[in-house]
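>>> Here is a sequence with its predicted model. Questions after.
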Amino acid sequence: MSKRLLLAIVSAMALLMPLASAEAQRGRDDWRPDNRTDWDLLGKAEIGTRLERDVIEVGRREGRFSAIGFTVSGSDVRIEDLRIIYVGGEVDELRVRDFFKAGTRSRPIDLPGRGSFIQRIEVTYRAPGPVRIEFYGERRREPVWAELGCKSVGFLETNDVIRVGRREGAFSAIKLQVSDAKLRLQRLRIVFGDGTSQTYDVRSVIPAGAETHPLDLDGRRRIIERIELDYLPSISLKRPSRVCVLAIEGRSGPGGGPGGGWGGGPGRDGPPGRR
């Protein structure tokens, strides 16, 4: 292959990559305030012609949100700062320092998982004339859990294996659901597709009808081969316990980190732009 032809191919790839990236982002960056399926109006601020600070009360009743965005109408405006205060008192402070023309909107501003319940939004801005700023929230979609398998834990049984296999895909977190009778779970071991494992020393009684907190999986090895369960043997001759393992796909788990609320824990081997 000649040097000239090679340079032509590299140049073409360099031109196409930004276009592909832009196309992938378009669906989310081009959010619309009238899209009531995904976005809710949280509140609005209206001011005159000087530097102002306004507070938009949202409250828990509005639900959980994964991102916010705002629209500008009536006049151009310079947004100085945004403060997002969450239920529980946590705060995100954003130094925007950007100018928005009337009739434009911001890009979506992603919110961290810890801050999905918004209490209020504080905005500082200045405008040459009366301006209206409306804030919208993108409703957080609840995770979809897939059932990997179930087992009935019979009289005096002490262990089980639920085989998943590489074909089921990669997962970011798992949880257990127990029904019919309480389960005395000693240990949970997750064996990944590469042969490594992640172990939780549970040593807990899970009541019938309950489920565990989500357990985040090691990000480097989330393809599950099998799940090994160790129990304390039941001496009851009544209806046996039934335990099901559920998992969620994705880049990050929805849980509270390793340990998922069990005592033992695991043993392991910029500013928004204009649109």
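Nice, I can see it.
>>> in the stretch 51-200 of the chain, which ranges drop under the pLDDT threshold?
Flagging of the stretch 51-200 of the chain using pLDDT under 70 yields the residue ranges 51, 59-63, 112-116, 165-169.
>>> swap the cut-off to 90 and go again
Along the stretch 51-200 of the chain, segments meeting pLDDT under 90 span 51-68, 85-96, 107-120, 125-130, 137-174, 180-186, 191-197, 200.
>>> all strands for it, in order.
In the stretch 51-200 of the chain, the segments counted as strands under DSSP state E, counting those that start in this stretch are 52-57, 65-73, 77-86, 91-100, 109-110, 118-126, 131-139, 146-153, 159-163, 173-179, 183-192, 197-206.
>>> Compute the inter-axis angle for the fourth one and strand 65-73.
Spelled out, that is strand 91-100. Put simply, strand 91-100 runs at 30 degrees to strand 65-73, going by axes from the mean of the first three to the mean of the last three Cα atoms, to 10 degrees.
>>> what about Ile133, how many residues close to it?
24 (other Cβ atoms under 10 Å). Yep, even glycine has a C-beta here, placed from its N, CA and C like the rest.
>>> Tell me which residues touch it, please.
44-46, 70-72, 77, 79, 123, 125 (Cβ atoms under 8 Å, 6 or more residues apart in numbering).
>>> One more: Asp180?
152, 208, 239-242.
>>> State the distance from it to Leu246.
17 Å (Cβ to Cβ, to the nearest Å).
>>> what do you get for Ala181?
Ala181 is 19 Å from Leu246, by Cβ to Cβ.
>>> Looking at the two, which has the bigger crowd around it?
Leu246 (20 against 17).
>>> What is the burial count for the closest residue to the more buried one other than its chain neighbours?
Using Cβ to Cβ, 6 or more residues apart in numbering and skipping residues adjacent in sequence, the residue nearest Leu246 is Trp145, 4.2 Å away. Residues lying near Trp145 (other Cβ under 10 Å) number 20.
>>> Trp145 against Val245, yeah?
No. With contact defined as Cβ atoms under 8 Å, Trp145 does not count as touching Val245 (9.9 Å).
>>> joint contacts of the two?
Between them, Trp145 and Val245 share the contacting residues Lys175, judged by Cβ under 8 Å, 6+ apart.
>>> Show me what the helix or strand where Cys244 lies pairs with in its sheet, parallel or antiparallel.
Counting by DSSP states H and E, the element that carries Cys244 is strand 241-248. If you go by DSSP bridges, strand 241-248 pairs up with strand 146-153 (antiparallel), strand 173-179 (antiparallel).
>>> To Thr212, which of those strands lies closest?
strand 173-179 (4.7 Å; Cβ to Cβ).
>>> orientation of the closest one relative to strand 183-192 in degrees?
150 degrees.
>>> hmm, who's touching strand 173-179?
145, 148, 185, 188, 190, 206-217, 224, 227, 241-248, 253-255, 260.
>>> now those: which count as buried?
With burial judged by 16 or more other Cβ atoms under 10 Å, the buried subset of the contacts of strand 173-179 is 145, 148, 185, 188, 190, 206, 212-217, 224, 227, 241-248, 253-255, 260.
>>> What mean pLDDT does stretch 33-50 get?
Stretch 33-50 shows a mean pLDDT of 76.
>>> Now for Arg226: which residues touch it?
By Cβ under 8 Å, 6+ apart, the neighbours of Arg226 are 161-164, 191.
>>> could the strands paired with strand 241-248 go into a markdown table alongside distance to Phe117?
Listed next are the strands paired with strand 241-248 as a markdown table, based on distance: least, Cβ to Cβ, whole Å:
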| stretch | distance to Phe117 |
| --- | --- |
| strand 146-153 | 26 |
| strand 173-179 | 20 |
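>>> Looking at the ones you listed, spot the one closest to Val87.
strand 173-179 (23.1 Å).
>>> The closest one versus strand 197-206: what angle between them?
For strand 173-179 against strand 197-206, the angle by the same axes, to 10 degrees is 30 degrees.
>>> Pro233 touches Asn159, doesn't it?
No. Using Cβ under 8 Å, Pro233 is not in contact with Asn159, being 9.8 Å away.
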